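1. return a 3D structure for these sequence lines:
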Amino acid sequence: MKDWYRDWFNTPEYLNVYRHRNQSDAHSLVELILKNVTLKSGAKVLDLACGTGRHSIYFAEKGFKVTAIDLSSNLLSAAKSLTERIGLKIQFLERDMRDLNFEKEFDLIVNLFTSFGYFESDSENFSIIKGAYNLLLDKGYFVIDFFNADYIMKNLVPESEEKFLDEIIIQRRRIENGRVVKNILVKQNGTEKNYIESVRLFTSEELKIELVKTGFKIIKCFGDFNGSDFDLNSSQRIIIIAQK
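-> Residues are numbered from 1 along each chain as shown. From the prediction side, this is the model:
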């Protein structure tokens with residue numbers, strides 16, 4: 001289970017399983033962020049675990065200077081191809097979130113679409129927050145978009161099945177040792193492939209406490225991409241905007 005993300009994110013099946021995460025969601029989240037932070041024209045943005053670049057692209061379209069990192073060459077390739085087609089300039093780098101060799105130069109750092117809690121130890125996971133703090137300019141912003149652990153624990157769907165093109169995708173979910181674990185079975189033309197996801201169930205309070213302990217000030221908390229107030233029981237997500 002350790003380092004599951006290195007294999008899973010580099011498969012074509014990953015893009016199929018998460019195809020429902022579309023550009024519209026990314027636009028809504030970026031617009032929400034920009035309504036609640038103050039950035040100058042041409043401000044520098046760092047997208048941690050950018051995936052296929054959905055959010056990076058929209059930030060770049062808004063005129064910001066975007067650097068985007070991800071550990072998956074597969075996802076970065078998709079991001080670069082899309083960016084080139086639409087004529088945008090974004091610096092995409094293949095890099096681990098735990099090893100950020102940048103100068104302190106960013107006005108906004110984002111970690112979106114539950115790109116957190118992958119690692120085995122809390123210290124490794126929280127090093128992302130500390131790393132972001134160190135790379136931000138004074139008064140810079142950090143935004144984390146994570147699932148609401150309290151909602152997940154009460155509403156976990158144990159199993160789901162869907163068909164996409166010639167694939168049957170079966171997802172089995174469980175909570176184990178403080179993590180939500182997902183087994184993904186992809187059946188295609190008589191073959192089967194198995195993958196796993198394992199994400200630490202950090203509660204909203206745990207995230208807030210760590211942000212404040214690191215030195216951040218919590219500015220806003222939302223429960224969805226449309227800017228609804230965060231509710232511990234009903235919100236599916238926790239979107240925290242913090243400032244250095």
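2. going forward, measure contacts between C-alpha atoms and count neighbours the same way
-> Will do.
3. now stretch 27-47: buried residues?
-> For stretch 27-47, the neighbour count (16 or more other CA atoms under 10 Å) marks 27-33, 37, 39, 43-47 as buried.
4. ugh, wrong one, stretch 68-85
-> Those would be 68-77, 79-80, 82-83, for stretch 68-85 by 16+ other CA under 10 Å.
5. could you list which of these belong to strands?
-> The members of those that map onto strands under DSSP state E are 68-70.
6. ok, so of these, who is nearest Phe9?
-> Asp70 (9.8 Å; CA to CA).
7. does the closest one touch Arg98 like I think?
-> No: taking CA atoms under 8 Å as the definition, Asp70 is not a contact partner of Arg98, at 11.0 Å.
8. tabulate the buried residues of stretch 27-47 in CSV, adding columns for pLDDT and distance to Leu185.
-> Shown next, in CSV, are these (pLDDT from 0 to 100; distance: CA to CA, whole Å):
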residue, pLDDT, distance to Leu185
His27, 94, 30
Ser28, 96, 31
Leu29, 97, 30
Val30, 97, 32
Glu31, 98, 35
Leu32, 98, 35
Ile33, 98, 35
Val37, 98, 41
Leu39, 98, 43
Ala43, 98, 42
Lys44, 98, 40
Val45, 98, 36
Leu46, 98, 33
Asp47, 98, 30
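9. out of these, who's nearest Ala149?
-> Leu29 (19.4 Å).
10. state the distance from the closest residue to the closest one other than its chain neighbours to Ser204.
-> Using CA to CA, 6 or more residues apart in numbering and skipping the chain neighbours, the partner closest in space to Leu29 is Phe225 (4.9 Å). Taking CA to CA, to the nearest Å as the measure, Phe225 falls 16 Å from Ser204.
11. what do you get for Asp145?
-> 11 Å.
12. same check, this time on Leu48
-> When distance is defined by CA to CA, Leu48 is 20 Å away from Ser204.
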